[in-house]
Structures are given as structure tokens and as C-alpha cells.
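> Please find the sequence and the predicted model below.
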Number of protein chains: 2
Amino acid sequence: MILKEYLKKSQQEIDQFLDENMPKPSEKPSIIFEAMRYSVFAGGKRIRPIISFMINDMLGGEKQKIYYPACAIELIHTYSLIHDDLPALDNDDFRRGKPSSHKQFGEAIAILTGDSLLTLAFQWIAKTKDSPDVITKILDQVSVSSGVYGMIGGQVADLQAEGKIKQNEMDLNKNKSNYEKELEYIHLHKTAALIRASVMIGAISAGADQEDFDRCYKFGTLIGLAFQVADDILDVEGDQELLGKTIGKDANSDKLTYPSVYGLEESKKKARDLINMSKDILSHYDNNNILIQLSDMIIQRES
Amino acid sequence: MILKEYLKKSQQEIDQFLDENMPKPSEKPSIIFEAMRYSVFAGGKRIRPIISFMINDMLGGEKQKIYYPACAIELIHTYSLIHDDLPALDNDDFRRGKPSSHKQFGEAIAILTGDSLLTLAFQWIAKTKDSPDVITKILDQVSVSSGVYGMIGGQVADLQAEGKIKQNEMDLNKNKSNYEKELEYIHLHKTAALIRASVMIGAISAGADQEDFDRCYKFGTLIGLAFQVADDILDVEGDQELLGKTIGKDANSDKLTYPSVYGLEESKKKARDLINMSKDILSHYDNNNILIQLSDMIIQRES
């Protein structure tokens, strides 16, 4: 199948699932249900649940079983964006071309909307149409990947790194190995961990043995890291309209990014290397075609 | 056993468990681990995990099995206080006599600390020393009780109700039944749902049959509601020093409370009625003595 068609079909299925399973705004107190839907249906590409489907399919799993946990990752991703955009954090007024949650609903509701989506994600994991054993394993992967040992750990390190490069511009080369280590920590945790969780949902439900499990864990980490490196590059040379967000924001807020530490060309090479390593892992499997296409897309995308 | 001794012993055990199992501040990025511990060890009475232990014991369960999920509820309770205290919500500078999280660590870290505690709670549920089947049932109860169908739903309704009584003081009597309904919704969700989850953890792990399950569900709701009515009363006539928080804050911020809708005497009668109903449920069980004492304490406490 051609990747573009697969993505379009999957996005439609995921959007339909989200629409049917998220609380309706007709329920009381309606403002929170409206706010949850506002951000979940703000135009996300659903790349995380799609990765769960692809891995699950490659390993011979049944897609019907993983709708809830795969889409739970989309809820967690959305909550992280809402909290990230808050004035106390990145202070972003726009997200995907629309006012961010706190601009639309106020800060109090935005905070509680993030909390609600995170909690609903775990409610959905409990609803996974698989054995309690699979549910418990998925719960473990998702909670570790999205907490202080994963996404939140990366967000905190990202916050703390802000401004460091600008303050020490003169000695970037002197401290380069420190910056490199810190940058890798941030990207592995902030972005790669949750993408790896998507991979693991697909693998666990498909009944992965220890070897598959380890390979998938590594594959998820590699494409997750490549995804963030590509994001960093797009922030430097992407098209503002296609991206639906302000370009050059990382540099202006003096974030620690691949281009700021390695330069643009070296960053592109690193992204390609990561994708080549992830494709090496895929080569152990038949039925890997769509994931190879996806891996290439991750570093070739324009938004 | 005398309640006071039981509480003291359990608090020590719970504090020890929390200390041993929460991430150490020596881990990186240390600020978030410090902030998590700062709020978790701010002097909480651990009443929620203690309720799990008591119910579990009454139904013949094994306490060792439920340390993780019982203490997970304490993490969820703590996260809810941190987010509640934020400037955009209740804007409280103090909590239990100490600066609140955002005063101590700044708003960004306070938001992420709440997120971390909520996520760690679900990681701990995955670690429950019981069968995957029990874990899945506990996950369902806790996620529903702490999300939009539980605690967060109540917080949102509470926010929205603020100011309504003052604006309509003249027609309180005319609209009394509306206020009563709204107040019940708020208290059942904001406070009672999470206390009910504590009860259900103890019951599920003890292997409750459907009849026990239904009774415990009702018992948890009743004492949870009584707990919040008693809190409302303490906010009017409690001792500020014993409580470690500002008295009269509900009235000043024009919250919808039992005393503001029913008056003080009628509120006290309602709390007693709720506790009597909860004791009726306990009467079905032997070995109910400590829970009867606890039920009485809920409306007789001074802090």
C-alpha cells in the first residue's frame, strides 16, 4: 500500500474513534468536554496511533484490540501540548493555526483540560480489548514513557536548558560534549519516549516475544529521536504556513536543539543515520514495507 | 484497636513506603523530584490510603498487595492540591502552613509536578502486587474517579459555581433546589469520588463479590460526601492553626458550600445522617470496629 493512502485511511478511522469515544459536550460540566474536543480535533496528524497500528500489523496483531490504547497516546500527546503552551511554560498563543487552549478557554480550564486528557488516556488503557495481562504491560510502558522517566523528564530538562547556549555562546565548543549529552537526554525523553510507547502498544498486543520486544523498543527510540531532530530542522528551515506554527521559535527562545549544537547539515546527517538504523531493525521482518515508507517520511516531511 | 494508634502506625508505614518508592532527588532532572517530594511530604494525614487498608482488612485482604495503588491515590490527591493552588485556579500561596508548590518552585515546575504525580500514580497501579485482572479493575475505578467523571468534573463545576450565590443572594431561597443539586454534584465528584476509589482498591484486592462491591461503592460515596461536608463546616468554624490554612476562604471566594446553602446546623445534621448511613452498611460485616471509629472521626475531626 502507498503510505499516503494508509495515513489518510488511518487518520479517518482514528478521528472517528476519538469522536465516538470522547465524552460529548452535551454532558455536564460542558466547558471541559468542549475544551477536550477543541484540542484533540485541532488537526493532529495522528502519527502516534498510526505507528501502533503499523507495528501491530507487521507483527500479526489485531487492530481492533488496540484502538483504545493507541488513541490514548494521542490524548497524552494533546495534553502535553496544552500544558506546554501555557503562559508559565512556552507561552504559545497559537497551536496548529488556532488559539491555544488557554487563549480559547482561559488558563484554569486549560490546566484542567490537560489533566482530564491524561486521566482519560489511562481510563482508555483499562478498556483495551485484550487480556488483563496485556493491559498491565501496556499500562507500565505508557506510564513510564509519559512521566518523569520519560516525556515530563524531558520537558523539565528542556525548560532548564533554555538560555544556556546564549549565555555561553563563546564556549559552545569548549562545552560541546556536555551540550550533546543534555540534548540527547532531552530529545530521548521529551519526544522519543512517547513514540516508543506507541510502538510498544502495537508490539505487546501482537504477542511480541522478548526478541521482538527488544527490537521494537530500540526501533521506537530511534524513530522517536529522528522525529524530534527533523522537528528541530523544520523549525529552522520549514514553511511557516505548512507547519501552522511560528518558525525560528526555538532559536529565539534559545532552546537546546540539534541545529544549535551540531549545525544544520550535521543534524540532517544524524537524522538520516537514525532512520537507517531503524530500517535495519525492520529488515528482520516481512511485511515491513509501510513502516519503511513511514521511516523515510519522518525525516522528509514538510510539516 | 484504638483509632488513634491505628492511624499513627499506618501513617508511618505509608510515609516509609512513599519515601522508599518515590524517585530520589539525586536523579536527574533533580528539580522535579524535589518538587514531587516537597508536596507529598508536606504533612498529609494519608487518610485515603488508610481507608484502603481498613476496607481491605475488614474484607480479609492482604495489605502487602495494595501498598502501590493505595499510595497512588495519595499521589493523585497531592497533584490535585498542587494544580488547585495555582494562580489561575484557587491562587493559594500556602498549603498546610508551607508555601504552595508554585510559590516554592515557580508555576512551570508546579504544573509539571502535578502532571508527574498523576502519571506516577498510574505507574504504581501497574506495579500492584496482585493479578493483572485486579490491576485492570483498580485502574478502571481510579481513572474514572479522578477524571472528568469524578474529581476533575467536580473541580470544573466548583470553578463555575463560584460567585453565583453572591450575585443572587436575594433569591437563594427561590433557586435553592438548583443550588442543592449543583452542590451535591460538586461534592460527590470533587471529593467523594477519589475517597470512593480508595475504598474500592481495598475491596477489589480483597476479592469482593458483587454484593460487597456494591456496598463498598455506596459506603465510599457516603463517607466521601460526609468528609467534604465536614470540610465545609471546618472552613466556617474550625481552628486556623490546627487546619494550617486560612479560615473563611470559601465564603470570601463565594464558593458553593453546605453552610452557604443549608446553614451551619442543617449541614451538621446532614453530615451526621451520612455517617449513620455509612455505619449501617458497615453493620453487615464483622471486624468493622476500626471503620466505625473512622466514620465517626470524619465528622468530629478538628483538622
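Sure thing, it's come through.
> only C-alpha atoms for contact and neighbour calcs from this point on.
OK.
> what does the stretch 1-150 of chain A put close to chain B?
The stretch 1-150 of chain A comes close to chain B at residues A:29, A:32, A:83, A:88-89, A:107-109, A:111-112, A:115-116, A:119-120, A:122-123, A:126-127, A:132-133, A:135-137, A:139-140, A:143-144, A:146-148, as judged by C-alpha under 8 Å from any C-alpha of the partner chain.
> Select from the residues you listed every entry located in helices.
If you go by DSSP state H, these have A:32, A:83, A:107-109, A:111-112, A:115-116, A:119-120, A:122-123, A:126, A:132-133, A:135-137, A:139-140, A:143-144, A:146 in helices.
> Among those, name the buried ones.
A:32, A:83, A:107-109, A:111-112, A:115-116, A:119-120, A:122-123, A:126, A:132-133, A:135-137, A:139-140, A:143-144, A:146 (16 or more other C-alpha atoms under 10 Å in any protein chain shown).
> wait, residue A:233 sits on residue A:267?
Yes. Look at residue A:233 against residue A:267 with C-alpha atoms under 8 Å: they come within range, at 7.5 Å.
> Spit out the residues that contact these two alike.
Counting by C-alpha atoms under 8 Å, 6 or more residues apart in numbering or on different chains, the contacts common to residue A:233 and residue A:267 are A:258, A:259.
> So, low pLDDT: which residues of chain A?
A:163, A:165-173, A:240-247, A:251-253 (pLDDT under 70).
> For residue A:73, give me its contacts.
By C-alpha under 8 Å, 6+ apart, the neighbours of residue A:73 are A:48, A:49, A:121, A:142, A:194, A:197, A:198.
> For burial, what's the neighbour tally of the residue in the stretch 151-300 of chain A that chain B sits nearest to?
As assessed by C-alpha to the nearest C-alpha, chain B sits closest to residue A:157 within the stretch 151-300 of chain A, at 6.0 Å. Here the number of neighbours of residue A:157 (other C-alpha atoms under 10 Å in any protein chain shown) works out to 23.
> any idea how far it is from residue B:31?
Distance, residue A:157 to residue B:31, using C-alpha to C-alpha, to the nearest Å: 9 Å.
> Might you calculate how far the one helix or strand residue A:75 maps to sits from the centre of the chain?
Using DSSP states H and E, residue A:75 sits within helix A:67-85. Put simply, helix A:67-85 sits 8 Å off its chain's centre (C-alpha atoms, centre = their mean, to the nearest Å).
> And stretch A:292-303, by the same measure?
The gap between the average C-alpha position of stretch A:292-303 and the chain average comes to 14 Å, counting by C-alpha atoms, centre = their mean.
> Would you indicate which residues of the host helix or strand of residue A:274 are buried?
Element membership for residue A:274 (DSSP H and E) is helix A:264-282. In terms of neighbour count (16+ other C-alpha under 10 Å), helix A:264-282 has its buried residues at A:264, A:267-268, A:270-272, A:274-276, A:278-279, A:281-282.
> Need the contact partners of it.
With C-alpha under 8 Å, 6+ apart, helix A:264-282 has contacts from A:215, A:218-219, A:222-223, A:225-226, A:229-230, A:233, A:258-259, A:288, A:291-292, A:295-296, A:299.
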